[in-house]
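[1] Need a 3D model of the following:
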Amino acid sequence: MIIEAKGIRKSFGTLEVLKGLDFGVDKGEVVAIMGASGAGKSTLLQILGTLSTPDSGELRIDGTDVLKLQSRELSDFRNRKLGFVFQFHHLLPEFTALENVMIPAFIAGKGVREARAEAEELLGSMGLAGRLSHKSSELSGGEQQRVAIARALINRPAVLFADEPSGNLDSRTKEEIHSLFFKLRDTLGQTIVIVTHDGGLADRCDRCLNMRDGQFV
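    Residues are numbered from 1 along each chain as shown. You can find the predicted model right below:
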(Lines give C-alpha, C1' and ligand atoms only; values in the text may rest on other atoms or scores of the structure.)
Protein backbone atom coordinates (compact mmCIF):
# COMPACT_ATOMS: atom_id res chain seq x y z
CA MET A 1 0.00 0.00 0.00
CA ILE A 2 1.09 3.56 -0.70
CA ILE A 3 -0.92 4.95 2.25
CA GLU A 4 -1.55 3.07 5.49
CA ALA A 5 -3.37 5.00 8.21
CA LYS A 6 -4.58 3.37 11.43
CA GLY A 7 -6.58 4.75 14.33
CA ILE A 8 -6.39 8.39 13.22
CA ARG A 9 -7.94 10.73 15.77
CA LYS A 10 -8.11 14.52 15.70
CA SER A 11 -9.90 16.96 17.98
CA PHE A 12 -10.25 20.73 18.00
CA GLY A 13 -10.95 21.72 21.57
CA THR A 14 -13.77 19.47 22.78
CA LEU A 15 -14.91 18.63 19.24
CA GLU A 16 -13.63 15.24 18.05
CA VAL A 17 -13.45 15.57 14.26
CA LEU A 18 -11.83 12.21 13.40
CA LYS A 19 -12.73 9.19 15.53
CA GLY A 20 -10.14 6.47 15.05
CA LEU A 21 -10.14 6.17 11.25
CA ASP A 22 -8.37 3.43 9.31
CA PHE A 23 -7.55 4.19 5.68
CA GLY A 24 -5.45 2.57 2.97
CA VAL A 25 -4.71 3.20 -0.71
CA ASP A 26 -2.90 0.96 -3.19
CA LYS A 27 -0.46 2.24 -5.80
CA GLY A 28 -2.25 3.47 -8.92
CA GLU A 29 -5.63 3.62 -7.20
CA VAL A 30 -8.01 6.58 -7.45
CA VAL A 31 -10.07 6.91 -4.27
CA ALA A 32 -12.85 9.41 -3.59
CA ILE A 33 -13.88 10.57 -0.11
CA MET A 34 -17.38 12.03 0.18
CA GLY A 35 -19.56 13.34 2.98
CA ALA A 36 -21.49 16.38 4.15
CA SER A 37 -19.70 19.53 5.25
CA GLY A 38 -18.23 19.00 8.70
CA ALA A 39 -17.87 15.23 8.28
CA GLY A 40 -14.07 15.50 8.61
CA LYS A 41 -13.04 14.99 4.96
CA SER A 42 -10.68 17.93 4.62
CA THR A 43 -9.20 17.34 8.08
CA LEU A 44 -8.40 13.77 7.07
CA LEU A 45 -6.88 14.94 3.78
CA GLN A 46 -4.68 17.45 5.60
CA ILE A 47 -3.42 14.71 7.93
CA LEU A 48 -2.80 12.26 5.08
CA GLY A 49 -0.97 15.05 3.27
CA THR A 50 1.19 15.77 6.37
CA LEU A 51 -0.16 19.34 6.55
CA SER A 52 -1.68 18.57 9.96
CA THR A 53 -0.77 16.13 12.74
CA PRO A 54 -3.25 13.70 14.30
CA ASP A 55 -3.69 13.52 18.05
CA SER A 56 -3.07 9.78 17.84
CA GLY A 57 -2.74 7.01 15.28
CA GLU A 58 -0.25 5.71 12.74
CA LEU A 59 0.52 6.94 9.21
CA ARG A 60 2.88 5.41 6.69
CA ILE A 61 3.21 6.82 3.17
CA ASP A 62 5.28 5.00 0.56
CA GLY A 63 6.92 2.99 3.35
CA THR A 64 7.84 6.00 5.53
CA ASP A 65 6.50 6.52 9.05
CA VAL A 66 5.80 10.21 8.48
CA LEU A 67 4.72 10.94 12.06
CA LYS A 68 8.29 10.26 13.22
CA LEU A 69 9.90 12.74 10.82
CA GLN A 70 11.38 15.98 12.12
CA SER A 71 10.09 19.26 10.69
CA ARG A 72 12.75 19.68 7.98
CA GLU A 73 12.60 16.00 7.04
CA LEU A 74 8.82 16.23 6.79
CA SER A 75 8.96 19.31 4.53
CA ASP A 76 11.41 17.55 2.24
CA PHE A 77 9.27 14.41 2.18
CA ARG A 78 6.15 16.42 1.38
CA ASN A 79 7.84 18.26 -1.48
CA ARG A 80 9.25 15.07 -3.04
CA LYS A 81 6.49 12.56 -2.38
CA LEU A 82 3.18 14.44 -2.23
CA GLY A 83 1.29 16.68 -4.63
CA PHE A 84 -1.69 18.90 -3.84
CA VAL A 85 -4.52 20.35 -5.91
CA PHE A 86 -7.16 22.53 -4.27
CA GLN A 87 -10.47 24.05 -5.35
CA PHE A 88 -8.69 27.37 -5.83
CA HIS A 89 -5.51 26.94 -7.80
CA HIS A 90 -3.24 29.27 -5.73
CA LEU A 91 -1.01 30.10 -8.70
CA LEU A 92 1.46 32.92 -8.10
CA PRO A 93 0.10 35.75 -10.28
CA GLU A 94 3.46 37.37 -11.02
CA PHE A 95 4.82 34.19 -12.63
CA THR A 96 4.00 32.50 -15.93
CA ALA A 97 2.39 29.07 -16.18
CA LEU A 98 5.81 27.55 -16.86
CA GLU A 99 7.44 29.31 -13.91
CA ASN A 100 4.63 28.29 -11.53
CA VAL A 101 5.15 24.63 -12.44
CA MET A 102 8.94 24.88 -12.09
CA ILE A 103 8.91 26.25 -8.52
CA PRO A 104 8.52 22.91 -6.65
CA ALA A 105 11.28 21.43 -8.82
CA PHE A 106 13.64 24.22 -7.74
CA ILE A 107 12.73 23.55 -4.09
CA ALA A 108 13.62 19.90 -4.68
CA GLY A 109 17.07 20.97 -5.91
CA LYS A 110 16.63 20.47 -9.66
CA GLY A 111 18.53 22.70 -12.07
CA VAL A 112 16.86 25.18 -14.42
CA ARG A 113 17.30 23.08 -17.55
CA GLU A 114 15.88 19.91 -15.97
CA ALA A 115 12.99 21.75 -14.30
CA ARG A 116 12.10 23.59 -17.51
CA ALA A 117 12.14 20.41 -19.60
CA GLU A 118 9.92 18.54 -17.15
CA ALA A 119 7.51 21.47 -16.77
CA GLU A 120 7.22 21.91 -20.54
CA GLU A 121 6.55 18.18 -20.96
CA LEU A 122 3.83 18.17 -18.29
CA LEU A 123 2.11 21.29 -19.56
CA GLY A 124 2.29 19.98 -23.12
CA SER A 125 0.64 16.72 -22.08
CA MET A 126 -2.22 18.79 -20.65
CA GLY A 127 -2.77 20.74 -23.84
CA LEU A 128 -1.05 23.90 -22.62
CA ALA A 129 2.03 23.94 -24.86
CA GLY A 130 0.88 27.25 -26.31
CA ARG A 131 0.23 28.87 -22.94
CA LEU A 132 3.62 28.48 -21.22
CA SER A 133 4.39 32.20 -21.09
CA HIS A 134 0.91 33.28 -19.98
CA LYS A 135 0.29 34.50 -16.45
CA SER A 136 -2.68 33.18 -14.47
CA SER A 137 -4.82 36.24 -15.23
CA GLU A 138 -4.49 35.37 -18.93
CA LEU A 139 -5.70 31.77 -18.47
CA SER A 140 -9.20 30.36 -18.17
CA GLY A 141 -10.31 28.66 -14.96
CA GLY A 142 -9.75 25.22 -16.46
CA GLU A 143 -6.32 26.18 -17.76
CA GLN A 144 -5.34 27.54 -14.35
CA GLN A 145 -6.39 24.28 -12.69
CA ARG A 146 -4.41 22.24 -15.23
CA VAL A 147 -1.34 24.37 -14.45
CA ALA A 148 -1.93 23.68 -10.75
CA ILE A 149 -2.12 19.94 -11.46
CA ALA A 150 1.11 20.09 -13.48
CA ARG A 151 2.76 21.92 -10.58
CA ALA A 152 1.58 19.19 -8.20
CA LEU A 153 3.10 16.51 -10.46
CA ILE A 154 6.48 18.09 -11.31
CA ASN A 155 8.35 16.05 -8.68
CA ARG A 156 6.54 12.81 -9.63
CA PRO A 157 4.82 12.41 -6.24
CA ALA A 158 3.85 9.05 -4.81
CA VAL A 159 0.38 10.45 -4.05
CA LEU A 160 -1.65 13.30 -5.52
CA PHE A 161 -4.21 14.78 -3.09
CA ALA A 162 -7.11 16.78 -4.53
CA ASP A 163 -9.57 18.74 -2.38
CA GLU A 164 -12.70 19.70 -4.36
CA PRO A 165 -10.53 20.14 -7.49
CA SER A 166 -13.45 21.05 -9.78
CA GLY A 167 -15.67 22.80 -7.26
CA ASN A 168 -15.58 26.22 -8.94
CA LEU A 169 -15.54 25.14 -12.61
CA ASP A 170 -18.33 25.05 -15.17
CA SER A 171 -19.71 21.64 -16.15
CA ARG A 172 -17.71 21.24 -19.38
CA THR A 173 -14.41 22.26 -17.78
CA LYS A 174 -15.20 20.09 -14.77
CA GLU A 175 -15.47 17.02 -17.01
CA GLU A 176 -12.13 17.85 -18.64
CA ILE A 177 -10.43 18.04 -15.23
CA HIS A 178 -12.08 14.81 -14.08
CA SER A 179 -10.91 12.99 -17.22
CA LEU A 180 -7.40 14.34 -16.67
CA PHE A 181 -7.15 12.59 -13.29
CA PHE A 182 -7.89 9.21 -14.86
CA LYS A 183 -5.49 9.91 -17.72
CA LEU A 184 -2.79 10.50 -15.09
CA ARG A 185 -3.63 7.19 -13.46
CA ASP A 186 -3.55 5.34 -16.79
CA THR A 187 -0.38 6.95 -18.21
CA LEU A 188 1.69 7.59 -15.08
CA GLY A 189 0.26 5.03 -12.64
CA GLN A 190 -0.54 7.99 -10.41
CA THR A 191 -2.17 7.33 -7.04
CA ILE A 192 -4.87 9.92 -6.34
CA VAL A 193 -7.02 10.68 -3.28
CA ILE A 194 -9.90 13.07 -4.00
CA VAL A 195 -12.21 14.82 -1.55
CA THR A 196 -15.32 15.78 -3.50
CA HIS A 197 -19.03 16.53 -3.37
CA ASP A 198 -19.34 15.57 -7.04
CA GLY A 199 -21.13 12.23 -7.35
CA GLY A 200 -20.20 11.90 -11.01
CA LEU A 201 -16.49 12.11 -10.21
CA ALA A 202 -16.85 9.72 -7.27
CA ASP A 203 -18.62 7.17 -9.46
CA ARG A 204 -15.63 7.10 -11.84
CA CYS A 205 -13.15 6.38 -9.05
CA ASP A 206 -11.93 2.88 -8.13
CA ARG A 207 -13.46 3.29 -4.67
CA CYS A 208 -15.65 5.83 -2.94
CA LEU A 209 -15.63 6.12 0.86
CA ASN A 210 -18.35 8.07 2.64
CA MET A 211 -17.71 9.95 5.88
CA ARG A 212 -20.16 10.99 8.57
CA ASP A 213 -19.30 12.49 11.95
CA GLY A 214 -15.61 11.66 11.71
CA GLN A 215 -15.99 8.05 10.63
CA PHE A 216 -16.41 6.04 7.45
CA VAL A 217 -19.91 4.64 6.97
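
[2] How many neighbouring residues does residue 205 have?
    Using other Cβ atoms under 10 Å, residue 205 has 22 other residues around it. C-betas here are computed from N, CA, C, even on glycine.

[3] could you list every residue that touches it?
    When contacts are counted by Cβ atoms under 8 Å, 6 or more residues apart in numbering, residue 205 is found next to 30-32, 194.

[4] Which positions within stretch 17-29 qualify as buried?
    17-18, 21, 23, 25, 29 (16 or more other Cβ atoms under 10 Å).

[5] Residue 38 should be in a helix, yeah?
    No. Going by DSSP: H, G, I helix; E, B strand; the rest coil, the assignment for residue 38 is coil, not a helix.

[6] ok, and the most crowded of the contacts of residue 205?
    For the contacts of residue 205, the largest number of neighbours (other Cβ under 10 Å) sits with residue 194, at 26 neighbours.

[7] for that one, phi and psi?
    When read as degrees, to the nearest 10, the backbone of residue 194 gives phi -120, psi 120.

[8] ok, so of the buried residues of stretch 17-29, who is nearest residue 184?
    Nearest to residue 184 among the buried residues of stretch 17-29 is residue 29, at 12.3 Å by Cβ to Cβ.

[9] Just to check, the closest one is in contact with residue 191?
    Yes. In this structure, residue 29 is within contact of residue 191 by Cβ atoms under 8 Å, at 5.9 Å.

[10] joint contacts of these two?
    residue 2.

[11] Now do the helices in the protein.
    All helices of the chain, identified by DSSP state H, fall at 41-48, 71-81, 97-107, 112-125, 141-153, 171-188, 199-204.

[12] hmm, who's touching the longest one?
    When contacts are taken as Cβ under 8 Å, 6+ apart, the neighbours of helix 171-188 outside the stretch itself are 28, 30, 125-126, 140-142, 145-146, 149, 153, 156, 160, 162, 165-166, 169, 190-192, 194, 198, 200-201, 204.

[13] Quick one: work out the angle between that helix and helix 141-153.
    Put simply, helix 171-188 runs at 20 degrees to helix 141-153, going by axes from the mean of the first three to the mean of the last three Cα atoms, to 10 degrees.

[14] list the buried ones in helix 171-188?
    Within helix 171-188, the residues scored as buried using 16+ other Cβ under 10 Å are 173-174, 176-178, 180-182, 184-185.

[15] what's the weakest-modelled helix or strand in the chain?
    helix 171-188 (a mean of 79; mean pLDDT, DSSP states H and E).

[16] So which residue is dead centre in the protein?
    residue 161 (2.1 Å; Cα atoms, centre = their mean).

[17] got a pLDDT number for that one?
    With respect to pLDDT, residue 161 has a value of 92.

[18] Thank you, goodbye.
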